[in-house]
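Visitor: Sequence below, structure please.
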Amino acid sequence: MDTIASLFSFITWPVSWVIVQFHKLYGAIFGDDTGWAWGLSIVSLVVLIRICLIPLFVKQIKSTRNMQVLQPKMKAIQERYKSDKQRQSEEMMKLYKETGTNPLSSCLPILAQSPFFFALYHVLSAIASGKTIGVIDQPLLDSARKAHIFGAPLAAKFMDSEATVHALGASLLDVRVVTAVMIVMMSASQFFTQRQLMTKNVDLTVKTPYMQQQKMLMYIFPLIFAVMGINFPVGVLVYWLTTNVWTMGQQMYVINQNPTPGSKAQDHYLGRLLKSVTAHGEVRGRTKRNTVKRIVSKGPDRNDIERKFITGLAKLGFAAQEDGTVIKSDTALAESEGGAAQRRQQPKRQTKAQRQTGAAQQTGAKDTDSTESGSKTSLQKPDASQDDKPKPAGKPASGSSRQAKSGQRKGPQRPKHPSKK
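Guide: Numbering: from 1, shown residues only. Alright, predicted model coming up:
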């Protein structure tokens, strides 16, 4: 870790300068040698970095969403050009270019933070070794070594020996407890951030291997941070815990305000929007109007959640317009009520047992009708012309089709010609 941190030593001076400026501010409030002054300086460094990275975070959200949408098309390309890897890569790049998707955009925030993370690690390691670094001179170095967060020095690690911890003016038990709690909180925040993304902001109608990979990362990343965390100084744990909490809050805001189409978050968002329209009679806010505008422009391509939202507006007597506003419409209300009435008039679907019972009853009714008709026929007077007609001797009675031989005509047979005997 020290070797990797030394590669980013070129940025240690800006990082140390920012920390010292925040330390001057918080030192005037809490005292120069307190853990609050140095700890809040690190937190403020994280907030400043994350504010600068907001454009990259927006790109990450869009890229992740586009990758989810493109998964079925990517899978079709892979199956179509399974034996031609070069053509497969060309078609993938063409798809990315047409949709404006960059697969590396989802990693941009982490990659952009890495230099600052390792630079901070390099600064804290120098403080633990008693060396000046960047703009941190000897007085600031002594002040930083005295700073403790809940009894643990900023430069102390979970794996430090008891002698190293005593040199920083702390006990090994305090360092182990504080670092263990911070490692658990860091891993838990990473897990819930990924879980929030997977359970609320994912299109549930898309089932692709990409979704399985994201689920695996949801469990793998926290384990990686937990294993690496035992080698992080307390100050670095403060940095990483703060950035995880910031990411979780930032992602929660994005999910609530701009959810992925077809996700649970979109269902909740449109439900809140429908309540707002009910209460105020209009769509308030430019963001909400843009949402309604996108739904209207989709037309028949709307998903089930969006169709439910349009139907809900129609039941309230509103019609969504192309500019994202809503207007009172008696026609929409009448169509909604007419559709509901038509659905109510449709017969309920019967179960298999009910259908079998109904068929049996119909069969029994038919048998009863045939029995009654047969009895009426037997009471009628038979036709005298048929009874008086003499029957040929030695011939079987006609009318018994089951007794006739196969291929032989029914009734009395005509005698054969003498020449054919």
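
Visitor: Please, where are all the strands along the chain?
Guide: Ranges of strands in the chain, per DSSP state E, are 148-149, 152-153, 318-320, 326-328.

Visitor: Return the set of buried residues in the last one.
Guide: Translated: strand 326-328. V326 (16 or more other Cβ atoms under 10 Å). C-beta: built from backbone N, CA, C; applies to glycine.

Visitor: Direction included, what does that strand pair against?
Guide: Using DSSP bridges, the strands paired with strand 326-328 in its sheet are strand 318-320 (antiparallel).

Visitor: can you check the second one too?
Guide: Using DSSP bridges, the strands paired with strand 152-153 in its sheet are strand 148-149 (antiparallel).

Visitor: a markdown table for the strands of the chain, including mean pLDDT?
Guide: Below are the strands of the chain laid out as a markdown table (pLDDT from 0 to 100):
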| stretch | mean pLDDT |
| --- | --- |
| strand 148-149 | 90 |
| strand 152-153 | 90 |
| strand 318-320 | 89 |
| strand 326-328 | 88 |
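
Visitor: Nearest to M93, out of the ones you listed?
Guide: Between M93 and the strands of the chain, the tightest spacing by Cβ to Cβ is seen for strand 318-320, at 37.9 Å.

Visitor: about what we covered before: which one of the strands of the chain is the most hemmed in?
Guide: strand 152-153 (a mean of 29; mean count of other Cβ atoms under 10 Å).

Visitor: For I127, see how far away Q138 is.
Guide: 11 Å (Cβ to Cβ, to the nearest Å).

Visitor: ditto for I42
Guide: 12 Å.

Visitor: One more: L95?
Guide: Distance, L95 to I127, by Cβ to Cβ: 49 Å.

Visitor: quick one: which of those two has more around it?
Guide: Set L95 next to I127 and count neighbours by other Cβ atoms under 10 Å: I127 wins out with 26 against 14.

Visitor: The more buried one: what's it in contact with?
Guide: Applying Cβ atoms under 8 Å, 6 or more residues apart in numbering, we find I127 in contact with 133, 136, 141, 144-145, 154-155.

Visitor: Adding neighbour count and distance to K308, write those out as JSON lines.
Guide: Formatted as JSON lines, those follow (neighbours: other Cβ atoms under 10 Å; distance: Cβ to Cβ, whole Å):
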{"residue": "I133", "neighbour count": "21", "distance to K308": "59"}
{"residue": "I136", "neighbour count": "22", "distance to K308": "59"}
{"residue": "L141", "neighbour count": "17", "distance to K308": "62"}
{"residue": "A144", "neighbour count": "27", "distance to K308": "57"}
{"residue": "R145", "neighbour count": "18", "distance to K308": "61"}
{"residue": "L154", "neighbour count": "26", "distance to K308": "53"}
{"residue": "A155", "neighbour count": "23", "distance to K308": "56"}
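
Visitor: Name the nearest of these relative to S329.
Guide: For these, the nearest to S329 is L154 (63.6 Å; Cβ to Cβ).

Visitor: Could you check how far the closest one is from D323?
Guide: 55 Å.

Visitor: cool, and A279?
Guide: The separation that A279 has from D323, given Cβ to Cβ, amounts to 21 Å.

Visitor: just R307 next, same as before
Guide: From R307 to D323 the distance is 20 Å (Cβ to Cβ).

Visitor: what's the answer for V135, then?
Guide: For V135, the distance to D323 - Cβ to Cβ - is 54 Å.

Visitor: neighbour-wise, which of these two wins?
Guide: V135 (16 against 11).

Visitor: any weak-confidence spans in the protein?
Guide: Counting by pLDDT under 70, the chain contains low-confidence residues at 1-9, 65, 68-69, 71, 103-108, 201-214, 330-354, 356, 358-421.

Visitor: correct me, but A265 touches N256?
Guide: Yes - judged on Cβ atoms under 8 Å, A265 makes contact with N256 at a distance of 7.0 Å.

Visitor: between the two, which one's more packed in?
Guide: The residue with more neighbours, out of A265 and N256, is A265; 24 against 14, by other Cβ under 10 Å.

Visitor: For the more buried one, which non-adjacent residue is spatially closest?
Guide: P259 (3.4 Å; Cβ to Cβ, 6 or more residues apart in numbering).

Visitor: Next: S171.
Guide: Per Cβ to Cβ, 6+ apart, closest to S171 is V165, 6.8 Å.

Visitor: gap between that neighbour and Q321?
Guide: 67 Å.

Visitor: Repeat that for V292.
Guide: Distance, V292 to Q321, using Cβ to Cβ: 8 Å.

Visitor: Just want to know which of those two has more residues nearby.
Guide: It is V292, of V292 and Q321, that has more neighbours when counted by other Cβ under 10 Å, with 24 against 15.

Visitor: Could you give the number of residues near S171?
Guide: Neighbours of S171 under the rule other Cβ under 10 Å: 13.

Visitor: Isn't it up against P153?
Guide: No - judged on Cβ under 8 Å, S171 makes no contact with P153 at a distance of 10.6 Å.

Visitor: Mind listing the shared neighbours of the two?
Guide: Residues touching both S171 and P153 comprise V165, with contact defined as Cβ under 8 Å, 6+ apart.

Visitor: Might you report the residue contacts of L124?
Guide: Per Cβ under 8 Å, 6+ apart, neighbours of L124: 154-155, 233, 235-236.

Visitor: which one among those residues gets closest to K200?
Guide: Nearest to K200 among those, with distances taken as Cβ to Cβ, is V236, at 30.0 Å.
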